[in-house]
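[1] how would this look folded up:
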Amino acid sequence: MPTRSIHNTKRARRAQLTATLAQIAGLWIVSDLGYYLLLPALGVQTTYNAGSVAITLYYVFWVGIAVIMFWPLYGRWTKFESPLTSYIVWSLAFVGCTLFAAYVLPALPPLHVREGYNPPELPFATSWYFLPKSIEILFQQLLVLALALSLSAQRYSLRKISLICAALFGGTHILLLFGGVSIPYVIRFGSIAAIFGLAFPYLLLRVPNGFAYSYITHWSYYAITIIMARLLGPGTIPDFLKQLVGWS
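    Presented below is the predicted three-dimensional model:
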């Protein structure tokens, strides 16, 4: 192939990647701004406990947009095993999530907030919280999948893809500031999201049925956080970490 043609091909691939990254970032930012600005203007309570149905429908819309926008990428993704195995994995995930939201969560003790702590909505979650949260997680996972697939198509190494996903997935959580979440919690959520961002590409690109495992990992974080807050208190883990590093 002539040198000029090679350069043109590389330039076209870079342009395509740039466009895809811009679409992913734009979709994530616009959906978040719509949640924080548009829904309140329409009279919707932007808490997952109080406005669960309206927020669920909102994120169903964005899931549809993501699928339409990135279908050419998803269509080339083949990380599913036999249909029977995939059905079993997704069924077990659905049953586990439903059992937690319907039976485990209501059985947990109520949250006791210690003086000096102002936790976000998550520790106060009711069963209804997980209706919109489950769809929001699906939306985010679709965006992460599109990111991983677009980078993989450009022959990026798995390590580089993981680092990029960690940086972007962690960085997007700064948008929580629009929801009134305090800076320490934004830093906490962003840091944990970055850690998950390192693992998601491996699951999505290397593991059969990895999308299910990635989704379950993402979903389980919220369930585990609630359990820890209800059983240990919302400030227990931060206090332990401060003592561990010698902070006052």
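
[2] low-scoring stretches of this protein, by residue?
    1-10, 78-81, 114-118, 233-248 (pLDDT under 70).

[3] the helices in it, which residues?
    Assigned helices in the chain, in chain order: 3-33, 39-41, 52-69, 71-74, 83-99, 105-107, 130-153, 158-171, 183-206, 210-232, 236-245 (criterion: DSSP state H).

[4] Give me whichever of those is most buried.
    Highest mean neighbour count of the helices of the chain: helix 130-153, a mean of 22 (counted as mean count of other CB atoms under 10 Å). C-betas here are computed from N, CA, C, even on glycine.

[5] Now do it and helix 210-232, the angle between them.
    Here helix 130-153 runs at an angle of 140 degrees relative to helix 210-232 (axes from the mean of the first three to the mean of the last three CA atoms, to 10 degrees).

[6] Which strands or helices does helix 130-153 pack on?
    Packing partners of helix 130-153 (3 or more CB pairs under 8 Å, 6 or more residues apart in numbering; DSSP states H and E): helix 3-33, helix 52-69, helix 71-74, helix 158-171, helix 183-206, helix 210-232.

[7] Dump those helices to JSON lines, plus distance to Leu108.
    Converted to JSON lines, those look like this (distance: least, CB to CB, whole Å):
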{"stretch": "helix 3-33", "distance to Leu108": "29"}
{"stretch": "helix 52-69", "distance to Leu108": "18"}
{"stretch": "helix 71-74", "distance to Leu108": "37"}
{"stretch": "helix 158-171", "distance to Leu108": "28"}
{"stretch": "helix 183-206", "distance to Leu108": "20"}
{"stretch": "helix 210-232", "distance to Leu108": "4"}
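
[8] Distance check, the residue lying closest to Tyr156 once chain neighbours are set aside against Thr126.
    Excluding the flanking residues, the one nearest Tyr156 by CB to CB, 6 or more residues apart in numbering is Ile164, at 7.6 Å. From Ile164 across to Thr126, the span is 36 Å (CB to CB, to the nearest Å).

[9] cool, and Thr18?
    Distance check for Thr18 against Thr126: by CB to CB, it reads 42 Å.

[10] who wins for proximity to Leu177 among the helices of the chain?
    Minimum separation from Leu177 across these (CB to CB) falls at helix 183-206, 5.9 Å.

[11] name the helices or strands packed onto the closest one?
    Helix 183-206 sits against helix 130-153, helix 158-171, helix 210-232, with contacts defined as 3+ CB pairs under 8 Å, 6+ apart.

[12] Distance from the chain centre to the longest one, please.
    Distance of helix 130-153 from its chain centroid, counting by CA atoms, centre = their mean, to the nearest Å, is 7 Å.
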